[in-house]
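K.L.:
fold the following and give me the result.
(2 chains)
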There are 2 protein chains.
Amino acid sequence: MEIQNFFPVWNKLSHPQQELLRQHTTARSASKGTILYSGSTECTGLILIKSGQLRAYILSPEGREITVYRLFERDICLLSASCIMRSLQFEITIEAEKDTDFLLILPDAYRQIMEESAPLANFTNEVMASRFSDVMWLIEQVMWKSFDKRLAKFLLEESVIENSDQLKITHEAIGNHLGSPREVVTRMLRYFQNEGMVKLSRGRVILIDRDQLNALQDT
Amino acid sequence: MEIQNFFPVWNKLSHPQQELLRQHTTARSASKGTILYSGSTECTGLILIKSGQLRAYILSPEGREITVYRLFERDICLLSASCIMRSLQFEITIEAEKDTDFLLILPDAYRQIMEESAPLANFTNEVMASRFSDVMWLIEQVMWKSFDKRLAKFLLEESVIENSDQLKITHEAIGNHLGSPREVVTRMLRYFQNEGMVKLSRGRVILIDRDQLNALQDT
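P.N.:
The predicted structure follows:
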């Protein structure tokens, strides 16, 4: 996977811009558990994930953690290059949650091209907006703590009704049961999948950790 | 206050771009309590605050609210034009917390120019990064709920020590007392000021609502 595969706007960059980006990009790898960035270290750069998994989390003064979001193959980690935007002012830690191969783009080169190129600036905007949305979603979970429990409860009940761990049901149908938009259901199911509670496939939700779902609905 | 006063990058736009923005900008006003935008209504546009105060908040399914941030004179409200970025996917409500005069830029015109103009796209990025930072700060408050109490306690104690509601102390000095970076202190003090608990002036923190500070430190 090359740098151009990560940027849908690659062909809207000039050849000199493409070259400059390539020259400031290196292939790296990090073993599971490696801290790739933390709020207090210098600006690492943009991380383009070729394979593996990253976790972004914040730390309390007492050392408690909360996962803000996860990043997977083909995702771009922007906050590890927070210096490219002076208004990004918060501390976050990025760790390799699995062995990870990635491309690293140095922040100065990226910023330089972003300042010239509207397509790259707008693409960067979309990446940030996506992370921003993840964080807003997390706030809602943290504040209201209700939909995840309701969904866990619903899946367990359906599983009893169908006498199966494989539920043939669309996200829209679940949303209709719970009075929630399909998008919200999809997002929460993906979160459940990341947490190893379910597996999603076309038209199906497969329960793979009933204990964890049970624990969730009871919290 | 005209549209160009809100955009530090105004002079980096072409004359046709400036004209297009002006043609799609109208002066509006909203009385206290007016809902200017909510996640379910259509895309309102960018709101440039000439005077007054806006509040952005999220709502729980049960109707509980939490303020995500406030916007004041000269601020730009971007999330009321969330349609300009397809990756901004969350529901937020914007209300006029005081009688507010503002300029409204229609989203299509703004998006069109942002797609052409790297300076405008990068400026928009900075505005979003700033709101993103506000939200991350809120998560930390919500999750760890400690620094605000420690700061309230500290101010009340200092006030007893100095036998005055006017504390001559720098934010850095407070940070040194509490083991926190100056920026964190400044941010929390501004929050206290917005909440009417203190007033900030050069080198001073004036306690104006001891009851509220007391209530805070005891929560």
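K.L.:
tell me how far residue A:26 lies from chain B.
P.N.:
Residue A:26 sits at a distance of 25 Å from chain B (criterion: CB to the nearest CB, to the nearest Å). Backbone N, C-alpha and C define where each C-beta goes, glycine included.
K.L.:
so what's that residue up against?
P.N.:
The neighbourhood of residue A:26, defined by CB atoms under 8 Å, 6 or more residues apart in numbering or on different chains, consists of A:103, A:104.
K.L.:
next, count neighbours for residue A:132.
P.N.:
Neighbour count for residue A:132, taken as other CB atoms under 10 Å in any protein chain shown: 23.
K.L.:
helix/strand/coil for it?
P.N.:
helix (DSSP: H, G, I helix; E, B strand; the rest coil).
K.L.:
what's next to stretch A:97-105, contact-wise?
P.N.:
Residues contacting stretch A:97-105 (CB under 8 Å, 6+ apart): A:3, A:6, A:21, A:24-32, A:34, A:44-55, A:70, A:81.
K.L.:
worst-scoring helix or strand of chain A, pLDDT-wise?
P.N.:
Ranked by mean pLDDT, DSSP states H and E, the weakest helix or strand in chain A is helix A:171-178, scoring a mean of 77.
K.L.:
which element follows it toward the C-terminus?
P.N.:
Next helix or strand after helix A:171-178 toward the C-terminus (DSSP states H and E): helix A:182-194.
K.L.:
that following helix near chain B anywhere?
P.N.:
Yes: Helix A:182-194 reaches chain B (CB under 8 Å from any CB of the partner chain) through residue A:183.
K.L.:
packing partners for that helix?
P.N.:
For helix A:182-194, the contact count by 3 or more CB pairs under 8 Å, 6 or more residues apart in numbering or on different chains; DSSP states H and E identifies helix A:147-162, helix A:171-178, strand A:198-201 as packing neighbours.
K.L.:
can you pull the buried residues of the longest one?
P.N.:
Applying a neighbour-count criterion of 16 or more other CB atoms under 10 Å in any protein chain shown, the buried positions in helix A:147-162 are A:147, A:148, A:150, A:151, A:152, A:153, A:154, A:155, A:156, A:158, A:159.
K.L.:
tilt between that helix and helix A:182-194?
P.N.:
80 degrees (axes from the mean of the first three to the mean of the last three CA atoms, to 10 degrees).
K.L.:
check which helices and strands helix A:147-162 sits against.
P.N.:
Checking 3+ CB pairs under 8 Å, 6+ apart, helix A:147-162 ends up next to strand A:166-168, helix A:171-178, helix A:182-194, strand A:204-207, helix A:210-218.
K.L.:
what does that helix contact?
P.N.:
Contacts of helix A:147-162 (CB under 8 Å, 6+ apart): A:141, A:165, A:167-169, A:174, A:177-178, A:180, A:184-185, A:188-189, A:191-192, A:197-198, A:205, A:207, A:210, A:213-214, A:216-217, A:219, B:61.
K.L.:
centre of the chain versus the host helix or strand of residue A:21, how much separation?
P.N.:
Assigned by DSSP H and E, residue A:21 falls within helix A:15-23. Put simply, helix A:15-23 sits 27 Å off its chain's centre (CA atoms, centre = their mean, to the nearest Å).
K.L.:
and for stretch A:117-130?
P.N.:
Relative to the chain's own centre, stretch A:117-130 is displaced by 16 Å; criterion: CA atoms, centre = their mean.
K.L.:
that one: which residues count as buried?
P.N.:
Here stretch A:117-130 shows A:117-125, A:127-130 as buried, counting by 16+ other CB under 10 Å.
K.L.:
among those, which ones are in strands?
P.N.:
Secondary structure from DSSP state E places none of the buried residues of stretch A:117-130 in strands.
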